[in-house]
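>>> Give the three-dimensional model of this entry:
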Amino acid sequence: MSKRDYYEVLGVAKDASDRDIKKAYKRLAMKYHPDRTAGDKELESKFKEVKEAYEILGDAQKRQTYDQFGHAAFEQGGGGGHGGFGGGGDFGDIFGDVFGDIFGGGRRQSRQQRGADLRYNMDLSLEEAVRGKEVEIKVPTWVSCEPCDGSGAKAGSTPKTCHTCHGAGQVQMRQGFFAVQQTCPTCQGTGQVISDPCNSCHGQGRVEKTKTLSVKIPAGVDTGDRIRLAGEGEAGAHGAPAGDLYVQVSVREHPIFVRDGNNLYCEVPIGFTTAALGGEIEVPTLDGRAKLKVPAESQTGKMFRMRGKGVKSVRSGSVGDLICKVVLETPVNLNSEQRELLEQLEKSMSKDSSKYRPKEKGFFDGVKKFFDDLTK
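Residues are numbered from 1 along each chain as shown. Below you'll find the model as predicted:
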């Protein structure tokens, strides 16, 4: 079964502009897309036919070859060659493919350069990062020119195919057996020449503007996370696709909590009496105050885990813990009565200090052994 003419498939004339071909493809692709046709095989076949037609007509070099040789140029063993050795293509083209990346890009390089990606640095407090929020940001960038719809040509006119490279965006320079591809000096690689440029963008197809965007920060983000906003980067020149915008997250230090993954850590000072006798203390969490039971004879540095009081993971949804480290605070500014009470306590424990302070005895026994070994 013979293939339909690609221009007929897209419903455009043979002298249609690149812009008209692109519009026709978008319209038909949306109409016949499998997501919309609910498994209809006939419509699915039409979608593939439209896609195949655009792959050829949407590329200036392939379109030029198709106009000259038709479908045969793209069939297995077809006559798309232009002479040379063995009918398999121009001998110089082989060197162009091999050395293309070294000498300014290969012959299949797209003439449309996608717009640059942008980065926006966003500082958040720990509370904002944990709970998430919606932030409005202003980004200076290049946007598509509205009067010319990104083409760079004044309304009512269209860009013309470059007469130097015939729309390929590149020219070939031969030196003996070698053929080197170079960017076309006339159109600077776009494949088109604008004879009547747009007054707003002066032929660039884009203008400088500060965009205001609303960014949704998901709950649980952390320093180093990136949020990608597709298509919100710089618009490409002459209607080329826009790049992406990456919002880079940085979480400021918190006066109380230290975050490690989904867990939070904090130090809680406790008094001498609470550590010795035990008791209930109040500790901070991101959801407010919480009670923590401290068992009797707790030592400084002891860790207490409060499950589910950490951060909810932005990826898995699991919730971390809050780890509280109790730090014994030695009493200060004692009055004479308090001093006397402590002296009485110390006197009562001095008769058998190893019973009340086993670590102290173990430490000094180790020190004594250390010095005894040195003198041997």
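>>> from memory residue 286 sits against residue 257, does it?
Yes: with contact defined as Cβ atoms under 8 Å, residue 286 counts as touching residue 257 (7.4 Å). In short, each C-beta sits where N, CA and C put it, glycine included.
>>> what residues do those two have in common as contacts?
Residues touching both residue 286 and residue 257 (Cβ atoms under 8 Å, 6 or more residues apart in numbering) are 126, 264.
>>> what about these two, which has more around it?
residue 257 (21 against 16; other Cβ atoms under 10 Å).
>>> For that one, give me phi and psi.
Note on residue 257: its backbone torsions stand at phi -100, psi 150 [degrees, to the nearest 10].
>>> Need the nearest residue in space to it, chain neighbours excluded.
Counting by Cβ to Cβ, 6 or more residues apart in numbering, residue 257 lies nearest to residue 264, which is 4.7 Å off, once chain neighbours are set aside.
>>> what about the one you found, neighbour count?
Counted with other Cβ under 10 Å, residue 264 comes out at 25.
>>> cool, and residue 185?
10.
>>> try residue 297
11.
>>> Tell me, how many residues neighbour the residue lying closest to it once chain neighbours are set aside?
Once flanking residues are discounted, residue 297 sits nearest to residue 276: 6.6 Å by Cβ to Cβ, 6+ apart. The local packing of residue 276 (other Cβ under 10 Å) involves 14 other residues.
>>> Distance check, residue 160 against residue 192.
For residue 160, the distance to residue 192 equals 6 Å [Cβ to Cβ, to the nearest Å].
>>> any idea where the helices of the stretch 201-350 of the chain begin and end?
272-277, 336-350 (DSSP state H, counting those that start in this stretch).
>>> ok, now the stretch 1-150 of the chain?
6-10, 18-32, 34-37, 41-57, 60-69, 91-99, 126-131.
>>> Can you point out the buried residues in the last one?
Pointing back at helix 126-131 there. Going by neighbour count (16 or more other Cβ atoms under 10 Å), the buried part of helix 126-131 is 126, 128, 129, 130.
>>> what bridges to the spatially closest residue to the third one that is not a sequence neighbour?
So the one you mean is residue 129. The shortest distance from residue 129 to any non-neighbouring residue, by Cβ to Cβ, 6+ apart, is to residue 251 (4.7 Å). Counting by DSSP bridges, residue 251 forms beta bridges with residue 124.
>>> Could you pull up the residues touching residue 251?
Shown in contact with residue 251 (Cβ under 8 Å, 6+ apart): 123, 124, 125, 126, 129, 221, 222, 223, 259.
>>> follow-up on the earlier one: buried deepest among the helices of the stretch 201-350 of the chain, which one?
helix 272-277 (a mean of 15; mean count of other Cβ atoms under 10 Å).
>>> If you count contacts, what does that helix end up packed against?
strand 322-329 (3 or more Cβ pairs under 8 Å, 6 or more residues apart in numbering; DSSP states H and E).
>>> Quick one: distance of the strand it packs on to the chain centre.
38 Å (Cα atoms, centre = their mean, to the nearest Å).
>>> mind listing what's buried in it?
322, 323, 324, 326, 328.
>>> beta partners of the fourth one?
This means residue 326. Going by DSSP bridges, residue 326 forms beta bridges with residue 268.
>>> Give me the distance between the two termini of stretch 122-129.
Distance between the two ends of stretch 122-129: 11 Å, counting by Cα to Cα, to the nearest Å.
>>> wouldn't the residue nearest to residue 297 be in contact with residue 299 here?
No: contact criterion Cβ under 8 Å: residue 276 and residue 299 do not qualify, at 10.2 Å.
>>> how about the nearest residue to residue 311, chain neighbours excluded?
residue 262 (4.7 Å).
>>> give me the number of residues near that neighbour?
What residue 262 shows, counting by other Cβ under 10 Å, is a neighbour count of 19.
>>> just for this protein, where's the confidence low?
1-2, 35-38, 75-112, 175-178 (pLDDT under 70).
>>> give me that answer again for 50
Counting by pLDDT under 50, the low-confidence segments of the chain come to 76-111.
>>> mind listing what the nearest residue to residue 21 once chain neighbours are set aside touches?
Using Cβ to Cβ, 6+ apart and skipping residues adjacent in sequence, the residue nearest residue 21 is residue 57, 5.2 Å away. With contact taken as Cβ under 8 Å, 6+ apart, residue 57 is in contact with 6, 7, 10, 12, 21, 63, 66.
>>> which residues does the nearest residue to residue 272 once chain neighbours are set aside contact?
Closest residue to residue 272 apart from its sequence neighbours, by Cβ to Cβ, 6+ apart: residue 331 at 6.0 Å. Neighbour list for residue 331: 271, 272, 338, 342 [criterion: Cβ under 8 Å, 6+ apart].
>>> Would you agree the first one is in contact with residue 329?
Yes: counting by Cβ under 8 Å, residue 329 is a contact partner of residue 271 at 6.2 Å.
>>> Cheers, nothing more for now.
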